[in-house]
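Visitor: Take this sequence and fold it.
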Amino acid sequence: MSMPSRRQALTITAAFLVPLHRAYGSTFPEKPIRLIFPYPAGGGGDSQARLLATELSADLGQPVIVDNRPGANGALGSRAVATAPADGYTLLFTTATQLLLTPLLTADSGFSASDFTPVSGLTNQQMFLVVQASSPVRTLGDLLQRGREANAKLSYGSASVGSLSHITGERLNAAAGTKFLHVPYKGAGQQMTAILSGEIDFTLAVGATVAGHVKAGKLRALAVMDSTRSPAMPDVPTVKEAGGLDGFTQTAWFGIVAPAKTPRAIVDLLHQKLAAVLQRPDVRSKLEQQGSVPWPVSPDELAAVLKAEAPVYAAAAKFVK
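Guide: Residues are numbered from 1 along each chain as shown. Sure thing, here's the model as predicted:
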């Protein structure tokens, strides 16, 4: 049989693409989309989810509704998406910690990373170590010195057991030889309430969660847990500058995933719309003010990131079990 001509090949390809486009591209979405946030309202992740949902609603012509589903360290919300129909109408606002670590720490989580299809990266964020504005601790070096003392009773709070703030705190204990006590809360909102009230001595959180409180003078940032300073808070020293911990870094990312086997045409459409939202100057400005950098990586790129980070989080599980 002879090879088909270029025109014949294009005609054949178009014949397959047209019904696919009609099935997904031109009709999706036909109803509201639920964006499940697997933690309570409050905190930087929740505010970013709502910002992006508002912008995406206008672009898609259908409401994108943020649905807070807290419980079981985020497993309840994540499981709700993993078991939802793979039609693009139920999405998960998530992190590497949620996808890769929670299933390792929560025996009955009911999901794994393979239950999802990556849709888009959203933002990359730096982590900050903060204390209450009235805290007697003035520097990271001072905090670490106090934390090494035999009778040290300093505590730090996290958004939940196995959260990124928990991982970072235990990594800090291991790297600095400190004995900080971990106090888990039910979400970033409670975590912030605890540090603002002085219930805990310090906490670790992404810029989106703490930047507003730092700028309002309610919290003091002792260090950014990265090798470079934050454009949003350039006066805050790096962890190496502030505490002499060379090579200690911890950053975070937010992304969106859908149930496994969601049609690629829908996944690509959602990614394209999200990428366009993240390029808007007003959206970028709002995110950067929170210490976040837009990160609209493609579905395939996000899948590669998850694959690369899986062994890292498997090792991190040892710190928090």
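Visitor: any idea which helix or strand of the protein has the worst average confidence?
Guide: In the chain, no helix or strand scores lower on mean pLDDT, DSSP states H and E than helix 6-20, which sits at a mean of 44.
Visitor: what element comes up after that one heading to the C-terminus?
Guide: Moving toward the C-terminus from helix 6-20, the next helix or strand (DSSP states H and E) is strand 33-37.
Visitor: for the protein, longest helix please?
Guide: Longest helix of the chain, by residue count under DSSP state H: helix 299-320.
Visitor: What helices and strands are in contact with it?
Guide: For helix 299-320, the contact count by 3 or more CB pairs under 8 Å, 6 or more residues apart in numbering; DSSP states H and E identifies helix 96, helix 102-105, strand 116-132, helix 164-176, strand 251-259, helix 264-278 as packing neighbours. Placement of C-beta: from N, CA and C, glycine included.
Visitor: Save those as TSV, and put in mean neighbour count and distance to residue 139 too.
Guide: Formatted as TSV, these follow (neighbours: other CB atoms under 10 Å; distance: least, CB to CB, whole Å):
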stretch	mean neighbour count	distance to residue 139
helix 96	22	30
helix 102-105	22	32
strand 116-132	25	10
helix 164-176	22	13
strand 251-259	24	22
helix 264-278	18	35
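Visitor: I'd like to know which of these lies nearest to residue 145.
Guide: helix 164-176 (9.5 Å; CB to CB).
Visitor: For residue 190, give me its contacts.
Guide: 40, 42, 159 (CB atoms under 8 Å, 6 or more residues apart in numbering).
Visitor: Could you measure from it over to residue 82?
Guide: When distance is defined by CB to CB, to the nearest Å, residue 190 is 25 Å away from residue 82.
Visitor: ditto for residue 106
Guide: The gap separating residue 106 from residue 82 is 13 Å, by CB to CB.
Visitor: So between the two, which is more surrounded?
Guide: Set side by side, residue 106 and residue 82 give different neighbour counts by other CB atoms under 10 Å, the larger being at residue 82 (22 against 18).
Visitor: For residue 221, find the nearest of the helices and strands packed on helix 299-320.
Guide: Closest among the helices and strands packed on helix 299-320, using CB to CB: strand 116-132, at 4.8 Å.
Visitor: Show the average pLDDT along the closest one.
Guide: Model confidence over strand 116-132, given as mean pLDDT, is 96.
Visitor: ok and the next helix or strand after it relative to helix 164-176, angle-wise?
Guide: If you walk from strand 116-132 toward the C-terminus, the next helix or strand you reach (DSSP H and E) is helix 140-148. For helix 140-148 against helix 164-176, the angle between stretch directions is 80 degrees (axes from the mean of the first three to the mean of the last three CA atoms, to 10 degrees).
Visitor: what's the average pLDDT for helix 140-148?
Guide: Mean predicted lDDT for helix 140-148 stands at 96.
Visitor: in it, what counts as buried?
Guide: 140-141, 143-144, 146-147 (16 or more other CB atoms under 10 Å).
Visitor: cool, and stretch 48-66?
Guide: With the criterion 16+ other CB under 10 Å, stretch 48-66 contains buried residues 48-53, 55-57, 60, 62, 64, 66.
Visitor: cool, and stretch 77-87?
Guide: Within stretch 77-87, the residues that qualify as buried are 77-82, 84, 86-87, counting by 16+ other CB under 10 Å.
Visitor: out of those, who's nearest residue 285?
Guide: Within those, distances to residue 285 taken as CB to CB reach their minimum at residue 77, with 28.9 Å.
Visitor: what about that closest one, helix or strand, and which?
Guide: helix 75-82.
Visitor: what's the spacing between that helix and its chain's center?
Guide: The chain centre lies 15 Å from the centre of helix 75-82; the measure is CA atoms, centre = their mean, to the nearest Å.
Visitor: which one of the buried residues of helix 140-148 is nearest residue 249?
Guide: Relative to residue 249, the closest of the buried residues of helix 140-148 is residue 140; by CB to CB it sits at 14.0 Å.
Visitor: No further questions, thank you.
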